[in-house]
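Chemist: requesting a structural model of the entry that follows:
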Amino acid sequence: MVTVDAVDALSLLSADAVRASAQRMLALGLADRLPHFRVDLTRLEAAVDLVLATMRKNYPSLDVPFHARWRHFVIGGVDRWAAIADMYRWRDQASRARAEFDLAIVSVLLDAGAGPTWRYRHRLTGGEIGRSEGLALASLDMFAAGAFSAVPGDPLRADAEALARLSVADLRDGLQVDEHNTLVGLEGRVALLRRLGELVAGTPSVFARHDTPRPGGLFDHLVAGSNGGAIAAAAILTALLRELGPIWPSRITLGGVALGDCWRHPALGRDADGGDLVPLHKLSQWLTYSLIEPLMRAGIAVRNIDGLTGLAEYRNGGLFVDTGVLVLRDPAEAQRMHDVGSPLVVEWRSLTVALLDRLAEALRRRLELDAVSLPLAKVLEGGTWAAGRAIAQSRRADRTPPIAVRSDGTVF
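Modeler: Numbers count the residues shown, from 1 in each chain. Below is the predicted model:
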């Protein structure tokens, strides 16, 4: 029997819940009733100007791809995953899709903030790259070398068995971490991948329909639940949140259901009835965006991509702070380090989600495009993430966000 609390908890594992909570937070902000930020919508056009300039610079024809992990595998104009995958002899489309699910899931779970100093040196080119692109390239190199495979002679896979026995030393070596090249949250990342392996091994009905247990088995699970070869993007997210939810560190549970990237904020209500809960699901939504292309490549239509929300992370959020749309009530807070679950950070991230919808609407009006031509996934890629990074670089030499967040390697 499912309890009322469990029903409430499951309702929070959705994009609709993220958007609804964010709109509540923005309404409070516009009424000047939030403790940490003021919202100045008169500055939104300045943010749109920067995003549009960034989009035209990066994609002059405005032919913008979806925001997804696959963009980070393109280094120096070379699509390194495509170069590997196109040379591989796949049994069928589904085999490639499972491998791409394996790669995307592992790579995104490793994609929490790297910190400002970490760099990855590519062994073939000798070039160094940091942050999200560096983590992407490192995870791709590990994947291609069979670091996550338990099947001899078949490196392009991630198996539950191999993930569950992954060590800190394995990841330290793969990510080239040492005392001179430190990475935030290394142990947290290893723990997350090990929990992934254990969960996948223990759920064969989801992850082992057509192979031994592997994260890529989620492809078959989604296909089995599709409707006439089509699936809604929000349904992919819900499946990820429900099937992978137990791997996240224990933070808030409701009715025995782990809520993952979900936090409390006192402005939204009382904690006794759960009204103060703020779901954000950043990494899970980033992963959902990254699973769309493998599904489509395998012939599955993905509907209503705008059913997902913008991503509550520091580049998008930094864009709104640096352009003055969000203003700290206490400027001294910008000089302090904040826990990811602090009301200030929760407020900032939730407002970011709501403001991304506002910005996307304004950008479409400016370009005379609709949501089909310019979905949120393209606004993010074109887009807000790159603009947030660009303005951070122009404001601060180390390109850090305007608000410092203490990461455990499992949120950003």
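Chemist: just the strands in the chain please.
Modeler: Along the chain, counting by DSSP state E, strands occupy 37-39, 74-75, 78-79, 119-121, 128-130, 230-232, 253-254, 257-258, 262-264, 277-279, 301-303, 326-328, 337-339, 404-406.
Chemist: direction included, what does the fifth one pair against?
Modeler: Translated: strand 128-130. As defined by DSSP bridges, the strand partners of strand 128-130 come to strand 119-121 (antiparallel).
Chemist: contact partners for Leu319?
Modeler: 47, 50-51, 384, 387-388, 391 (Cβ atoms under 8 Å, 6 or more residues apart in numbering). All C-beta atoms are positioned from the backbone trio N, CA, C, and that covers glycine.
Chemist: closest to Phe207 out of those residues?
Modeler: Thr384 (33.2 Å; Cβ to Cβ).
Chemist: okay, now the closest one: neighbour count?
Modeler: Thr384 sits with 32 neighbouring residues when counted by other Cβ atoms under 10 Å.
Chemist: ok, so of the contacts of Leu319, who is nearest Arg98?
Modeler: Closest to Arg98, out of all of the contacts of Leu319 and judged by Cβ to Cβ, is Thr384, at 31.3 Å.
Chemist: the closest one - nearest residue in space that isn't next to it in sequence?
Modeler: Nearest non-adjacent residue to Thr384, counting by Cβ to Cβ, 6 or more residues apart in numbering: Asn316, 5.0 Å away.
Chemist: touching, the one you found and Thr352? I think so.
Modeler: Yes: judged on Cβ atoms under 8 Å, Asn316 makes contact with Thr352 at a distance of 5.2 Å.
Chemist: neighbour count winner among those two?
Modeler: More neighbours surround Thr352 than the other of Asn316 and Thr352, with 32 against 25 (other Cβ under 10 Å).
Chemist: give me the common contacts of Asn316 and Thr352.
Modeler: Common neighbours of Asn316 and Thr352 (Cβ under 8 Å, 6+ apart) are Gly310.
Chemist: list the beta-bridge partners for Leu277.
Modeler: Arg264.
Chemist: quick check: it touching Arg264?
Modeler: Yes: applying Cβ under 8 Å as the test, Leu277 and Arg264 come out as touching, 6.2 Å apart.
Chemist: okay, these two: which has more neighbours?
Modeler: The neighbour comparison of Leu277 against Arg264 (other Cβ under 10 Å) goes to Leu277, with 22 against 17.
Chemist: which residues are in contact with the more buried one?
Modeler: Contact analysis of Leu277 by Cβ under 8 Å, 6+ apart lists 12, 21, 252, 254, 259, 262-264, 268.
Chemist: need those in TSV with distance to Ala145, can you?
Modeler: Below are those laid out as TSV (distance: Cβ to Cβ, whole Å):
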residue	distance to Ala145
Leu12	38
Ser21	41
Ile252	37
Leu254	41
Leu259	35
Cys262	35
Trp263	37
Arg264	42
Leu268	46
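Chemist: return the closest of those with respect to Val74.
Modeler: Using Cβ to Cβ, the contacts of Leu277 come closest to Val74 at Cys262, 32.4 Å.
Chemist: residues contacting the nearest residue to the closest one once chain neighbours are set aside?
Modeler: Leaving aside its sequence neighbours, Cys262 sits nearest to Pro279 (Cβ to Cβ, 6+ apart; 4.3 Å). By Cβ under 8 Å, 6+ apart, Pro279 lies in contact with 12-14, 17-18, 21, 259, 261-262.
Chemist: which one of the contacts of Leu277 is nearest to Val405?
Modeler: Once Cβ to Cβ is applied, the member of those that ends up nearest Val405 is Trp263, at 12.3 Å.
Chemist: distance of that closest one from Arg251?
Modeler: Distance, Trp263 to Arg251, by Cβ to Cβ, to the nearest Å: 8 Å.
Chemist: which neighbours do these two have in common?
Modeler: The contact sets of Trp263 and Arg251 overlap at Gly341 (Cβ under 8 Å, 6+ apart).
Chemist: neighbour count winner among those two?
Modeler: Trp263 (22 against 16).
Chemist: where does that one land on pLDDT?
Modeler: For Trp263, the pLDDT comes out at 94.
Chemist: with Asp32 instead?
Modeler: 97.
Chemist: likewise Ala386?
Modeler: Listed pLDDT for Ala386 reads 94.
Chemist: for Leu193, same thing?
Modeler: Reading off the model, Leu193 has pLDDT 95.
Chemist: so it touches Val168, yeah?
Modeler: No: taking Cβ under 8 Å as the definition, Leu193 is not a contact partner of Val168, at 10.7 Å.
Chemist: more neighbours: which of these two?
Modeler: Using other Cβ under 10 Å, the more surrounded residue of Leu193 and Val168 is Leu193, with 24 against 14.
Chemist: which of the contacts of Leu319 tops the neighbour count?
Modeler: Thr384 (32 neighbours).
Chemist: I'd like to know how far it sits from Ala397.
Modeler: 22 Å.
Chemist: check Val302 too.
Modeler: Separation of Val302 from Ala397 (Cβ to Cβ) stands at 40 Å.
Chemist: out of these two, which sits in the busier spot?
Modeler: Using other Cβ under 10 Å, the more surrounded residue of Val302 and Ala397 is Val302, with 20 against 8.
Chemist: gap between the two ends of stretch 119-130?
Modeler: Taking Cα to Cα, to the nearest Å as the measure, stretch 119-130 stretches 4 Å from start to finish.
Chemist: now, which of the contacts of Pro279 sits nearest Glu361?
Modeler: The nearest member of the contacts of Pro279 to Glu361, counting by Cβ to Cβ, is Val18 at 17.4 Å.
Chemist: list the contacts of the closest one.
Modeler: 279-281, 285, 309, 312, 353.
Chemist: try Ile305
Modeler: Here Ile305 is in contact with 66, 233, 292, 375-377 (Cβ under 8 Å, 6+ apart).
Chemist: recalculate using a threshold of 10 Å.
Modeler: 66, 232-234, 236, 288-289, 292, 371-372, 375-378 (Cβ atoms under 10 Å, 6 or more residues apart in numbering).
Chemist: same question, Arg329
Modeler: Contacts of Arg329 by Cβ under 10 Å, 6+ apart are 32, 34-38, 344.
Chemist: and the strands of the chain as TSV, adding distance to Val223?
Modeler: Shown next, in TSV, are the strands of the chain (distance: least, Cβ to Cβ, whole Å):
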stretch	distance to Val223
strand 37-39	42
strand 74-75	27
strand 78-79	25
strand 119-121	34
strand 128-130	34
strand 230-232	8
strand 253-254	30
strand 257-258	25
strand 262-264	28
strand 277-279	26
strand 301-303	11
strand 326-328	41
strand 337-339	40
strand 404-406	37
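Chemist: please consider this matter closed, and thank you.
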